[in-house]
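**Student:** Fold the following and give me the result.
(2 chains)
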Amino acid sequence: MTRLSADGRHPVRFKLNGRPVEAEAEPRMLLSDFLRQQIGATGTHVGCEHGVCGACTVIVDGMLTRSCLTLAAQVDGCEIQTVEGLAPSPDRLGILQQAFRRNHALQCGFCTAGILMSLDHYLRRHPAPSEADIRDLLSGHLCRCTGYTPIVKAALEAAAELATTTQEKSDA
Amino acid sequence: MKPAAFDYVRAESVNEVLEGLSKEGGNARVLAGGQSLMAMLNMRLAKPRLLIDIMRLKELNRIEEQAGVVTIGAGVRQAALLAWPELARTLPLLALALPWVGHVQTRSRGTICGSLAHADPSAEMPLALIALGGEVHLRNARRRRRVAASEFFLGMMATARAEDELIEAVSFPSPGGGCAFREVARRHGDFAIVACAAVATPKGVRLAVGGVADVPMARDWPRLDRSALDDALNGFAYELNARDDVHATARYRRDLVRIIGRDLVREVLQ
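**Tutor:** Numbering: from 1, shown residues only, chains lettered A, B, ... in the order given. Alright, predicted model coming up:
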């Protein structure tokens, strides 16, 4: 049994968007803070810090995960995907990201990283969603700018485009 | 909004969990999916000295069906149960209620037993356990015991679990007849203002209500005619001692109990 003591810093290693990363964390450090402050991956945003707003949503071992409700120590050895892994290359947006841009599905952008992760995860598993499906998924996110309608539109457009495109692959 | 400091143990066996709980007692908390506990830690409503993470214990990650009873281990996530192919056949009430537990993004991590341990009065899993009359399987370093649903929930976020006990599993009996579930919340996934579950029983029907009293409560009734049912529902609505709060008035909650209750009882007895 390994007991990580409260006052020490302990190594945490995992794969972030396919690349191994490592840094130290106290047991109480949240994954959201670890990503941003220890790794420097600031694409994941921190909103409410109690699991309600959805801004910090990432993917851990294939599971949608609130990174503010997860300890860095818990994900040692896991595979994590964040918004930084969505674009196929640094100068190109993925299909979902392009649809967000076309439809003005973001304004301030604070909630966007989490919503993109939820939609990316969902569309890979449900290629032909209805508007109701998308709205149900979005109930786990708060957006105070868009009124959600452009986000729903972007998601449905991206789903349709993904269904007809065979080449598109996110590098996640 | 950061947790106070604690030691962290990733348990490699159930014995390690029980040992940790027996040594630290009330200063230790079991961490499963973390969808309630982590929020409590962030808000410092809970300040344990030790967190024991049980999510890498394969022996707790089991769903078993035997003789009409489904037993769900402490590591089973809500999404995993929802995706279990036998769910609609064995526990149709849970198939109806689970989509109301939080959101896709929290069901993917949260566990069934964790929701019971947290015992939020408006949560769906405690309501389902009361409606179906299940049992909570508790274990400490010395013994195992089972507690009936009706004796498990003691009050708001208070349960019969002793400080040195792990909720090892929960078992739900498959209902013989029909069941129904309905919830009213401000938005889907928000805490229930009122949630009701009805289950057919050999003599009639059981109606369970969550979100109103400090614990989910149930009443068993024979087949009643319309006015007798309305009287019973009205009595139950008042016995729940609804209170006004920021989400809804007591009167609105009583209305919901009467209206939803009547619909569900009829649906189940049809």
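**Student:** give the contact list for the closest residue to chain A within the stretch 1-150 of chain B.
**Tutor:** Nearest residue of the stretch 1-150 of chain B to chain A: B:His103, at 3.1 Å (CB to the nearest CB). Every residue, glycine included, has its C-beta placed from N, CA and C. Contacts for B:His103 (CB atoms under 8 Å, 6 or more residues apart in numbering or on different chains) come out as A:54, A:137, A:139-140, B:189.
**Student:** Where does pLDDT dip in chain A?
**Tutor:** A:166-172 (pLDDT under 70).
**Student:** At which residues are the strands of the chain located?
**Tutor:** In the absence of a named chain, this looks at chain A. A:3-4, A:10-16, A:19-25, A:57-60, A:63-66, A:79-81 (DSSP state E).
**Student:** wrong one, chain B
**Tutor:** Under DSSP E, chain B gives strands at B:7-10, B:28-31, B:50-53, B:63-66, B:69-73, B:135-139, B:144-148, B:153-155, B:158-159, B:166-173, B:179-184, B:194-200, B:204-210, B:217-222.
**Student:** Out of the contacts of B:His103, which sit inside helices?
**Tutor:** Filtering the contacts of B:His103 for membership in helices, criterion DSSP state H, returns A:Leu137.
**Student:** Quick check: residues of chain A near chain B?
**Tutor:** Proximity of chain A to chain B (CB under 8 Å from any CB of the partner chain) is limited to residues A:1-7, A:26-28, A:30, A:33, A:48-51, A:54, A:57, A:63-66, A:68-71, A:73-74, A:76, A:118, A:122, A:136-137, A:139-141.
**Student:** In JSON lines, list the contacts of B:His103 along with distance to B:Glu165 and neighbour count.
**Tutor:** JSON lines is the format used below for the contacts of B:His103 (distance: CB to CB, whole Å; neighbours: other CB atoms under 10 Å in any protein chain shown):
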{"residue": "A:Gly54", "distance to B:Glu165": "33", "neighbour count": "27"}
{"residue": "A:Leu137", "distance to B:Glu165": "36", "neighbour count": "23"}
{"residue": "A:Ser139", "distance to B:Glu165": "35", "neighbour count": "17"}
{"residue": "A:Gly140", "distance to B:Glu165": "32", "neighbour count": "25"}
{"residue": "B:Gly189", "distance to B:Glu165": "30", "neighbour count": "19"}
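**Student:** Give me the distance between the closest residue to A:Thr165 other than its chain neighbours and A:Leu116.
**Tutor:** Among residues not flanking A:Thr165 along the chain, A:Ile95 sits closest, at 6.7 Å (CB to CB, 6 or more residues apart in numbering or on different chains). Distance of A:Ile95 to A:Leu116, computed by CB to CB, to the nearest Å: 11 Å.
**Student:** just B:Pro99 next, same as before
**Tutor:** 23 Å.
**Student:** Out of the two, name the residue with the larger neighbour count.
**Tutor:** Set side by side, B:Pro99 and A:Leu116 show more neighbours around A:Leu116, with 24 against 18, by other CB atoms under 10 Å in any protein chain shown.
**Student:** what residues are up against that one?
**Tutor:** A:83, A:86, A:96-97, A:100 are the contacts of A:Leu116 under CB under 8 Å, 6+ apart.
**Student:** and which of the contacts of B:His103 is nearest B:Leu224?
**Tutor:** B:Leu224 lies nearest to B:Gly189 out of those, by CB to CB, at 33.7 Å.
**Student:** quick one, what contacts A:Pro55?
**Tutor:** Rather than Pro, residue A:55 is Ala. A:Ala55 touches A:45-48, A:110-111, A:113-114, A:141-142, counting by CB under 8 Å, 6+ apart.
**Student:** what do you get for A:His10?
**Tutor:** Counting by CB under 8 Å, 6+ apart, the residues that A:His10 touches are A:4, A:24-27, A:73.
**Student:** Which of those has the largest number of neighbours?
**Tutor:** Ranking the contacts of A:His10 using other CB under 10 Å puts A:Pro27 first, with 25 neighbours.
**Student:** right, and it touches A:Ala73 too?
**Tutor:** Yes: applying CB atoms under 8 Å, one finds A:Pro27 in contact with A:Ala73, separated by 5.4 Å.
**Student:** Name the residues contacting each of those two.
**Tutor:** In contact with both A:Pro27 and A:Ala73: A:4, A:10, B:8, using CB under 8 Å, 6+ apart.
**Student:** Make JSON lines out of those residues and add distance to B:Met1.
**Tutor:** Formatted as JSON lines, the shared contacts of A:Pro27 and A:Ala73 follow (distance: CB to CB, whole Å):
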{"residue": "A:Leu4", "distance to B:Met1": "21"}
{"residue": "A:His10", "distance to B:Met1": "22"}
{"residue": "B:Tyr8", "distance to B:Met1": "19"}
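**Student:** so which of those residues comes closest to B:Arg206?
**Tutor:** Nearest to B:Arg206 among the shared contacts of A:Pro27 and A:Ala73, with distances taken as CB to CB, is B:Tyr8, at 41.6 Å.
**Student:** Domains of the chain: list them as residue ranges, please.
**Tutor:** Reading this off chain A. Domains of chain A are assigned by automatic domain parsing as A:10-85, A:95-164.
**Student:** my bad, the chain I had in mind was chain B
**Tutor:** Listed domain ranges for chain B are B:7-53, B:62-173, B:179-269 (source: automatic domain parsing).
**Student:** before we move on, the earlier item: and the residue nearest to A:Thr165, how many residues sit next to it?
**Tutor:** Neighbour tally, A:Ile95, other CB under 10 Å: 20.
**Student:** Which residues are in contact with it?
**Tutor:** A:158, A:161-162, A:165, A:168.
**Student:** Equivalent analysis for B:Ile54, please.
**Tutor:** Contacts of B:Ile54 by CB under 8 Å, 6+ apart are B:11, B:17, B:30-32, B:60, B:74-75, B:166.
**Student:** For stretch B:77-92, report the contacting residues that lie outside it.
**Tutor:** A:63, B:33, B:61, B:63, B:65, B:70, B:72, B:94-95, B:98-99, B:101-102, B:104, B:106-112, B:115, B:125, B:132, B:172, B:174-175, B:179.
**Student:** again, only using 7 Å
**Tutor:** The contact list for stretch B:77-92 (CB atoms under 7 Å, 6 or more residues apart in numbering or on different chains) reads B:33, B:63, B:65, B:70, B:72, B:94-95, B:98, B:101, B:107-112, B:172, B:174, B:179.
**Student:** from those residues, which would you call buried?
**Tutor:** For the contacts of stretch B:77-92, a burial check counting by 16 or more other CB atoms under 10 Å in any protein chain shown picks out B:33, B:63, B:70, B:72, B:94-95, B:98, B:101, B:107-112, B:172, B:174, B:179.
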